[in-house]
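# Next one to model:
(one chain, ligands or ions: 1)
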Amino acid sequence: KSIVVLISGSGSNLQAIIDAIASGQINGRIAAVLSNKTGVFGLERARAAGIPQIVINHNDYDSREHFDTAMIEAIDTYTPDLIVLAGFMRILSAEFVRHYQGRMLNIHPSLLPKYKGLHTHQRALDAGDAQHGCTVHFVTEELDGGPLAIQAPLDILPTDNADSLQQRIHHAEHNIYPLAVEWFCADRLALSVSGSVQLDGSI
Ligand code: GRF
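Numbers count the residues shown, from 1 in each chain. A predicted model of the protein is given here:
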């Protein structure tokens, strides 16, 4: 399958997916990497892997809708089967989300539905939670609210702070995101028309 990855930053999840394709775990290819920021390290990772890079700077557009329309036009020249949001830090318009309904995944650093939005590690600590983690989910119009594909729960240790949690969770992301992409590319993970996640029984 053909994948377009959207990033805004370091792209370590992008790298995990690049590596999982190279090792044969994922039966797919990254057709392009799109960033809304120039000069981010994720673009360098794409370049090093020989993947076309697109930069569409949101500051060049007068509205979210115009920015999203420009992204759709650029992305669709690659006719992707799957859009992977990997640290893409812009909220997407309803039109954009609907356009890629059922074929767009995101990774979020919490055990959704807990802690949508930002500062998830500190919020989990402040709440005194025993566990924290990360989630891959299909993207719907509700921010961080789409149907869940896979989660990695981790125990919060008495010595943890937001930084240490962030590091462990980032590591877990690099395991579960390639796994979800692997399943999607093998037609083992899908979103049904009714909006529920379908996972192949052999998983
Ligand atoms: C990850 O923590 C992810 O959960 C969040 O953004 C971060 C992206 O990190 N949505 P990277 O750019 O893949 O290193």
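# Next secondary structure element downstream of the longest helix seen in the chain?
Counting by DSSP state H, the longest helix found in the chain is helix 162-185. Using DSSP states H and E, the helix or strand that follows helix 162-185 in sequence is strand 189-191.
# near the ligand, which residues of the chain show up?
7, 9-13, 42, 86-87, 107-109, 134, 170, 173 (CB under 6 Å from any ligand atom). In this view, the C-beta of every residue, glycine as well, is placed from N, C-alpha and C.
# Where does pLDDT dip in this structure?
201-203 (pLDDT under 70).
# Swap in 50 and give it another go.
Scanning the chain for pLDDT under 50 picks out the ranges 203.
# all strands of this structure, in order?
Here the chain has its strands, by DSSP state E, at 2-7, 29-35, 53-55, 82-85, 104-108, 131-138, 148-155, 189-191, 197-199.
# With mean neighbour count added, can I get those strands in TSV?
Output for these, formatted as TSV (neighbours: other CB atoms under 10 Å):
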stretch	mean neighbour count
strand 2-7	24
strand 29-35	21
strand 53-55	17
strand 82-85	23
strand 104-108	24
strand 131-138	24
strand 148-155	17
strand 189-191	20
strand 197-199	14
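# Closest residue of the chain to the ligand?
Gly87 (2.6 Å; CB to the nearest ligand atom).
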